[in-house]
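J.: Pasting the sequence and the predicted model now:
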Amino acid sequence: MSTLEIWLIGLALAIDCFAVCMTTGITTRRFVHDRMIVMALCFGLFQGGMTLLGFWGINFFSDYLKPVDHWIAFILLAYLGGQMIWDGFHPKEEKRINLLSYRNIMAMAIATSIDAFAIGISFACLDGVYDYTNILFPIAIIAICSFLLSIVGLGLGISLGKKTNWPVEIAGGTILIIIGIKTLIEHLN
C-alpha cells in the first residue's frame, strides 16, 4: 500500500470526526480549549486505536463485533442527536446536552471510529502485513488526520455558530443522526 493510499484512508476516516466536531463547534459557539483538545485527541486516539484493535482482533473480536458494530455507532449518534434536537425544541429547560462532557466525547469518539476497526481488519488481510510493526505508520497517519480534521471542524463550527441565530441544536442533532444512519446503511448493504 502506498503512502498516498494511506493518507487517503486517513482522510476518509477523519471525515466523520470533522462533521461531528463541526456540529459540536456550531452548538458550543465558543472555545472551550481543554475539552476541545481532549475531544480532538480522543478522536485521533480512537481512530488509530480501533484500527490497531481491528488488526489484532481479526480472528477474535471481529466475529462478535461485526454483526453489531454499525448498530452501536447508530445508537450512540442517534441518542446524542436526538438529545440535541430535544434541547433545540425545549430551550427553556435548564439542562441541555453538553457535547463537551467527557462521557459524550467518549461516545462520539467510539461512534466515529467503528469504521477504523474495519480498516484494521482489512489491513490484516493485505499481503505483506504480518505483524503490528507494519501497521504502525498507517495507524499514525489515521490518528493524525483525525486529530487535525477534528481541530479544523471545531474551529469552523465555532465560527459558523457565532454567525448564525437559527436553532443550531436541531441542525446539529440532525447531522449526528444522519451520520449514524449513513453508518448503518453502509454496513447493512
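T.: Received it, and whenever you're ready, just let me know what you need.

J.: tell me the contacts of the spatially most central residue of the chain?
T.: The centroid of the chain falls nearest to Thr112 when counting by C-alpha atoms, centre = their mean (2.6 Å). Listed by C-beta atoms under 8 Å, 6 or more residues apart in numbering, the contact set of Thr112 reads Asp16, Cys17, Val20, Phe43, Phe46, Gln47, Ala73, Ile179. To be clear about C-beta, it is placed using only N, CA and C from the backbone, and glycine gets the same treatment.

J.: again with Met39
T.: Cys21, Thr24, Leu100, Ile105, Met108, Ala109, Ser150, Leu154.

J.: Same question for Ala40.
T.: Counted by C-beta under 8 Å, 6+ apart, Ala40 has contacts Cys21, Phe147, Ser150, Ile151, Leu154.

J.: C-terminal to the helix or strand of the chain with the lowest mean pLDDT, what's the next element?
T.: Ranking every helix and strand in the chain by mean pLDDT, DSSP states H and E puts helix 61-65 at the bottom, with a mean of 62. Tracing the chain past helix 61-65, the next element assigned as helix or strand by DSSP states H and E is helix 69-89.

J.: by contact count, what packs against that following helix?
T.: Where contact means 3 or more C-beta pairs under 8 Å, 6 or more residues apart in numbering; DSSP states H and E, helix 69-89 is packed against helix 102-112, helix 114-124, helix 168-188.

J.: Pick the most buried one from those.
T.: helix 114-124 (a mean of 22; mean count of other C-beta atoms under 10 Å).

J.: That one vs helix 168-188, what angle?
T.: 30 degrees (axes from the mean of the first three to the mean of the last three C-alpha atoms, to 10 degrees).

J.: can you list the residues that contact helix 114-124?
T.: 9, 13, 16, 46-58, 62, 65, 69-70, 72-73, 129, 135, 138, 142, 183.

J.: now do stretch 170-188
T.: Applying C-beta under 8 Å, 6+ apart, the set of residues contacting stretch 170-188 is 16, 19-20, 23-24, 26-27, 69-71, 73-78, 80-89, 99, 111-112, 114-115.

J.: average pLDDT for the helix of greatest length in the chain?
T.: Assignment by DSSP state H gives helix 136-163 as the longest helix of the chain. Helix 136-163 comes out with an average pLDDT of 93.

J.: go on, stretch 39-53?
T.: Stretch 39-53 comes out at a mean pLDDT of 95.

J.: how about low-confidence regions in the protein?
T.: For the chain, the stretches with pLDDT under 70 are 58-66, 91-96, 126-132, 166-168.

J.: any idea how far stretch 28-40 is from the chain center?
T.: Mean-position distance between stretch 28-40 and its chain equals 15 Å (C-alpha atoms, centre = their mean, to the nearest Å).

J.: list the buried ones in that stretch?
T.: Thr28, Val32, Arg35, Met36, Val38, Met39, Ala40 (16 or more other C-beta atoms under 10 Å).
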